[in-house]
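J.: What follows is a predicted protein model with its sequence.
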Amino acid sequence: TKNDSQEKVIRIAEQYGIAYAPVQIMKDQGILEKNYPGIQVIWEQMSNTTAIREAMVSNKLDVGFMAIPPFLIGWDNGMDWKIATGLSSVPTGLVAKDEIQSLQDIENDDRIALPQPGSVQHILLAMACKKEFNDPKKMDNLLVTLSHPDGMTALLAGNEITAHFTSTPYREAELATTGYHEILTGEEAFGGDFSFIVGVTTKKLHDENPEVYKAFNQSVEEAILFINENPEEAAEILTKYYDLSKEDILKYLTAEDTEYSATVKGIKNFSDFMNETDYLKKSYTSIEEVVWENTDYAEY
Amino acid sequence: MSVIIKISNLSKLYNDRSILKNIDLTIETGEFLCIIGPSGGGKSTLLNLIGGFIKSDGGSVSFQGETVNKPNRECIMVFQEFDQLFPWKTVQENIEFPLKNDPHHYSKTEIAALTGTYIDMVKLHEFKDFYPHQLSGGMKQRTAIARALVTTPKVLLMDEPFGSLDILTKTELQDTMLEIWKKTQTTIVFVTHDVREALHLADQIIILGDGTVQQRIENKTKDSEERVKEIIGFLSP
Amino acid sequence: MSVIIKISNLSKLYNDRSILKNIDLTIETGEFLCIIGPSGGGKSTLLNLIGGFIKSDGGSVSFQGETVNKPNRECIMVFQEFDQLFPWKTVQENIEFPLKNDPHHYSKTEIAALTGTYIDMVKLHEFKDFYPHQLSGGMKQRTAIARALVTTPKVLLMDEPFGSLDILTKTELQDTMLEIWKKTQTTIVFVTHDVREALHLADQIIILGDGTVQQRIENKTKDSEERVKEIIGFLSP
Amino acid sequence: MQNIKAIFLKPYSKYVWIGIMLIAWEAIAKLTPVSPLAFPSLEAVVAALINSILTGDILLQMLFSLGLIFVGLVIGVLLSFVMSALSVVSPVFESFVDTCVSIFHPLPGIALLPLIILWIGTGSKAILFIIVHSVLWPMILNMTAGFKSIPVVYKKIGQNYEFSNAKIIFKIYIPASMPYLIAGLKIGWARAWRASISAEMIFGASGGIGGIGWYIFNKRVFMDTAGIFAGLLVIIVVGMLVEDFIFSKIEDRTVKKWGLS
Amino acid sequence: MQNIKAIFLKPYSKYVWIGIMLIAWEAIAKLTPVSPLAFPSLEAVVAALINSILTGDILLQMLFSLGLIFVGLVIGVLLSFVMSALSVVSPVFESFVDTCVSIFHPLPGIALLPLIILWIGTGSKAILFIIVHSVLWPMILNMTAGFKSIPVVYKKIGQNYEFSNAKIIFKIYIPASMPYLIAGLKIGWARAWRASISAEMIFGASGGIGGIGWYIFNKRVFMDTAGIFAGLLVIIVVGMLVEDFIFSKIEDRTVKKWGLS
Ligand SMILES: Nc1ncnc2c1ncn2[C@@H]1O[C@H](COP(=O)(O)OP(=O)(O)OP(=O)(O)O)[C@@H](O)[C@H]1O
Ligand SMILES: Nc1ncnc2c1ncn2[C@@H]1O[C@H](COP(=O)(O)OP(=O)(O)OP(=O)(O)O)[C@@H](O)[C@H]1O
Ligand SMILES: [Mg+2]
Ligand SMILES: [Mg+2]
């Protein structure tokens, strides 16, 4: 029937970056197709979390990957979606010029580059400011929203940008340059471990196509497992998608603080903090409001 | 003869300045009417009103009994501006233009024949593939005349069409106009500032001044130097 | 009298068509030279060459002993196009324009006086604040003439300047031109297609045809009908 | 029927059309099952606007953007004028300008970002640079096209009075190519808007509180759709005011008065 | 001196200028202490280009972008033509078009994104929409300005032969406003490029391998600066080919032949 054929389609936003490696593996190995024979997977390549969110509002996408804060902003504004799975944690941190030893040294004419307000980098910075100055918005007017590569160019060019909140592999490239060091890591700011990227699905997919939803979750897990068990082979596959050598990819995949895991970590902490500091209008009272049943999560 | 154009009580203002004041004029089918008068006297304005190109501020013009409120294919105007040729068309294409777009649907051979005839008539055969910017002033005028004649309209409105022609071409074209006029019974309204030309061509001459028709002259005996002097007398203030 | 303009062996081609062929001509200071000839005969081309507006394909023009290779403030042209007024300036502003931009630095009162004089001379006082699109054809021509006269250049190059003027204005302006000419010793090169006008104005007439000077006529006895016929005879092929 | 038609012919006809569009908007928002997150109702937009005016900096941000746009537009117009004028004067320079236009006109500011960051940094100057880059090339195209379409006889008159090149350009070329210049200016103005909004979205609150683009971007990342439209509304209103009070006045005093349109 | 000047006056003068710019580039890359990450040497760029051609899809991506731009340009030109023509015919429609232009021209595509995604989705159609939005408004401005600047006498001749509105527009308005139309087309072409590159950076590779904007975006993400410039180089080369083989041909056959420039 017509309904059947509709059930067999899933639209997933694909993004690039080491943190998204399982998504490429899933795509390349046809894991979802294997787990749900006959399904048609539409990969929409998108480059921007906000656009993904808008596409999901408009029912042009069923699944997107993003950090927890952008997800919470959508949820707070009434989007019908929940987290289906964790994906990865990668090292992230604030890289600054050597003159700047700590957050205390950042002055009013310094500028901090990060991807955008409301991004995980922004919230982490706010968390650190809260701890340090008891004023989470202290740096909000010093922000310059540059994508990671532009942010790196800006930092290394040595103009106004004196610090850059970024992650793998830009963080590593910046730290390898003399004159720059890390003054804050994501973990320090957050006060523990957290999922950097999670997978989010719409209620529509979850409710109307539970089989597809299940197959998707299972596929993500398999992809994560694949990377964790066969990093060499995974790196080989990823050379197709990334303009990097196999050695470099392998290095990033297996770095000490890079972790691929389906467990969602840190959501409560983000939510409460963002609510306290008015980035959200509300926090959740029960975890079921933000994650689907059967999703692994860890709270502190 | 029947009346083809009837002008009643026609007035025109520009910025509250009265250019034409309550003009009454009838033009009969087949008449060759010349309009003369001082520069700025309203000759072009009158022609534009007859052609339906501008709106009057009172009174009316009727053509074959119907009120004129827009231009008419049977009433073709040769404008005073001599940059009235389409710069993107050659001499030949400019002349063909009205034929190609005529509802009569001339055949290719007819178009070629008619265009050829009129190009020869204005002696531009050699220049038929020239673009307007490559022509001399007089050549442009001749092309415009040929374009107006080629569809043989019922009325020709000509605003100083021979203004920049040398005397020979002018004389020849004057004679051609007279021939065409006699043969086709076309009604011609012809603005000129050359009194001799008016006397040579017209059977009716009107003198337009101060916004009114100051004299209407039946021109039976053509081409006399006395006539010239008489008219210059009329023109003098 | 001294030679002011000397044309030697001047040739001009357009697309390999020879328009002017080895023209030799001297014009003396204070001469009033009329050029007549058939439409397309090269009159405007010759004037443009004398003015330095176009380049020749052989030979040279010299003005006061110096080769002309660009236009010169002392040699002002009235063009055949009658849309030669600046549409963004009123009649008065168009006439003032060359004075305001003259290196002589006329004072405000001088400018006002000169402009006033020439506006009156071409009888446009009433229309001095009109923009060109509000003028009749003849008014535009008169404005262009006043603009050319106002700086009293040494040479005036006039390409059918009276082309669309009524006979009275034309006669008056002709007389004004003659007066100015006599008073200021301005050298005038005047293209016209009106043989009578040439006879009335010129002391030298040349007939330009087939790219060469076909006749040069000393015009001592002005205004005779025989002369007209004689010249028309020259013009006929 | 005639009466209805007449409504659209008045000077205020624009506002009639806007009214119709607003009604259509409201009808879609209310009567179709679109998510208010993507298509907020007018009340929500107006409420967001009032809220931004009362509690936020939207008016100051608008002024900041307008200031940048104005400066960028002036620089762009001057530069394009200088380049077009020099092309008129010197064929060597003309080939240089042609080359620049065909190289730089199709390049989006976003592709130049790394270079801009490297050379100019990320402050207001970078936004200005992007605005100028957006305005300059179409202005040059329209100016040179305008200069080329001037009747030859006007140029000849200028030469006849031995005007310097500067005088020919100021006294003849510019007034004679007014319709082109105005069309170019309108394109430039709209492009400057677009560029400044996009640039602010990238470079953030460079002037402290930032401009209207930064306002919209913040609304967007925090999913306040009504706020986005409030920002767009402000842009549209300012655009129309400029159209009605600046561009039409310029047209009335130039091309309309001269009978060129 | 004369000889040197002559070099710049030949038809190939463009390439001389490009040569000079390339040399300047190389000098900066080699002689100043800029980071090759921001300012790669020419060899690196050329190597990246050759590599992309041999092992990558750059040529196909270019074709894909060109296809989209072409379709977008055609749609934009047709729409702007229809709208300008209708404004000529009907004053009611004219006020509608004016309103649309003043509302939509200054709005950046990025601000319309939520609506575009809602209505059109994120595929090639969304990119097309952004291209059309970029091309349409400046084209309308130039077309209507061109139509308005036509000498009245041409319009009168059309009326005299009682041409239909369609005929007046096709036979008289369009050829008579050619210089404007060509300038508009050039602006439209450059704008279409810009729009497609920016849109691809947002919407990604909707057509499988994506277009040249996606290529550049990927190079940027992986900090392959030489690759970025290889992409820009391809854009510039294509732009110049179009300029030399399409726009100049159009100009030669129209405005130049008719003595309008
Ligand atoms: N730009 C041009 N390209 C090609 N041919 C041209 C050009 N300008 C003029 N001609 C040709 O040169 C010849 C002479 O033209 P010119 O304008 O000098 O004639 P004229 O004597 O002034 O005629 P008229 O009395 O009709 O104004 C004509 O045959 C014309 O076709
Ligand atoms: N668009 C306009 N706006 C204002 N006044 C105008 C306009 N058109 C013409 N006029 C005025 O109308 C009067 C008559 O002009 P018209 O062109 O009819 O004269 P004409 O008799 O044809 O003169 P000429 O022999 O010089 O061509 C002139 O005084 C002119 O200034
Ligand atoms: Mg007239
Ligand atoms: Mg001539």
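T.: Cool, the structure landed. What you are looking at is a predicted structure, and each value in this text was computed from that prediction instead of being measured. Ligands and ions are numbered 1, 2, ... in the order given.
J.: What is the neighbour count of the closest residue to residue B:2 other than its chain neighbours?
T.: Among residues not flanking residue B:2 along the chain, residue B:29 sits closest, at 5.2 Å (Cβ to Cβ, 6 or more residues apart in numbering or on different chains). Quick note: C-beta positions are derived from backbone N, CA and C, even for glycine. By the criterion of other Cβ atoms under 10 Å in any protein chain shown, residue B:29 has 15 neighbours.
J.: So residue B:29 sits against residue B:5, correct?
T.: No - applying Cβ atoms under 8 Å as the test, residue B:29 and residue B:5 come out as separate, 9.0 Å apart.
J.: Identify the contacts common to those two.
T.: Jointly contacting residue B:29 and residue B:5 under the rule Cβ atoms under 8 Å, 6 or more residues apart in numbering or on different chains are residue B:187.
J.: Where do the strands of chain B begin and end?
T.: B:3-14, B:17-28, B:32-36, B:60-63, B:66-67, B:75-78, B:155-159, B:187-191, B:204-209, B:212-218 (DSSP state E).
J.: out of these, nearest to ligand 1?
T.: Closest to ligand 1 of the strands of chain B, according to Cβ to the nearest ligand atom: strand B:75-78, at 15.8 Å.
J.: List the strands paired with that closest one, with their directions.
T.: strand B:155-159 (parallel) (DSSP bridges).
J.: what mean pLDDT does the partner strand have?
T.: For strand B:155-159, mean pLDDT is 94.
J.: Residues contacting that strand, please?
T.: With Cβ under 8 Å, 6+ apart, strand B:155-159 has contacts from B:4-5, B:43-44, B:47, B:50-51, B:63, B:74-80, B:145, B:148-149, B:186-191, C:137.
J.: do the same with stretch A:55-62
T.: A:10-13, A:44, A:46, A:52, A:64, A:74, A:79, A:81, A:200-202, A:204-205, D:35, D:37-38, E:114, E:117-119, E:121-122.
J.: same thing with stretch D:218-236?
T.: Contacts of stretch D:218-236 (Cβ under 8 Å, 6+ apart): A:50, A:53, A:70, A:73-74, A:76-77, A:79, A:116-119, A:279, D:36-40, D:44-49, D:52, D:58, D:62, D:193, D:197, D:212, D:215-216, E:102-103, E:106-107, E:111, E:114.
J.: okay, residue 70: pLDDT?
T.: No chain was given, so I picked chain A. 91.
J.: looking at chain D here, not the other one
T.: 93.
J.: In three-state terms, label it for me.
T.: The local conformation at residue D:70, judged by DSSP: H, G, I helix; E, B strand; the rest coil, is helix.
J.: before we move on, back to that, give the contact list for the residue nearest to residue B:2.
T.: B:1, B:2, B:3, B:4, B:185, B:187.
J.: which residues does the residue nearest the centre of chain B form a beta bridge with?
T.: Nearest to the geometric centre of chain B sits residue B:158, at 1.2 Å (Cα atoms, centre = their mean). Using DSSP bridges, the beta-bridge partners of residue B:158 come out as residue B:78, residue B:190.
J.: What are the buried residues along stretch A:243-250?
T.: A:243, A:244, A:248, A:249, A:250 (16 or more other Cβ atoms under 10 Å in any protein chain shown).
J.: re earlier: I'd like to know which of the contacts of stretch D:218-236 are buried.
T.: Buried among these by 16+ other Cβ under 10 Å: A:50, A:53, A:70, A:73-74, A:76-77, A:79, A:116-119, A:279, D:37-40, D:44-45, D:48-49, D:52, D:58, D:62, D:193, D:197, D:212, D:215-216, E:102-103, E:106-107, E:111, E:114.
J.: Any chance of a PyMOL selection covering the buried ones in the contacts of stretch A:55-62?
T.: Restricted to buried positions by 16+ other Cβ under 10 Å, the PyMOL selection for those reads:
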select buried, (chain A and resi 10+11+12+13+44+46+52+64+74+79+81+200+201+202+205) or (chain D and resi 37+38) or (chain E and resi 114+117+118+119+121+122)
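J.: just the contacts of stretch A:55-62 that are near chain C?
T.: Applying Cβ under 8 Å from any Cβ of the partner chain to these, one finds that nothing falls near chain C.
J.: what subset of the contacts of stretch A:55-62 is also close to ligand 4?
T.: Of the residues in the contacts of stretch A:55-62, proximity to ligand 4 by Cβ under 5 Å from the ion holds for none.
J.: quick one: terminal-to-terminal distance for stretch A:280-293?
T.: 23 Å (Cα to Cα, to the nearest Å).
J.: Next: stretch D:144-154.
T.: 16 Å.
J.: Number of residues surrounding residue A:19?
T.: 23.
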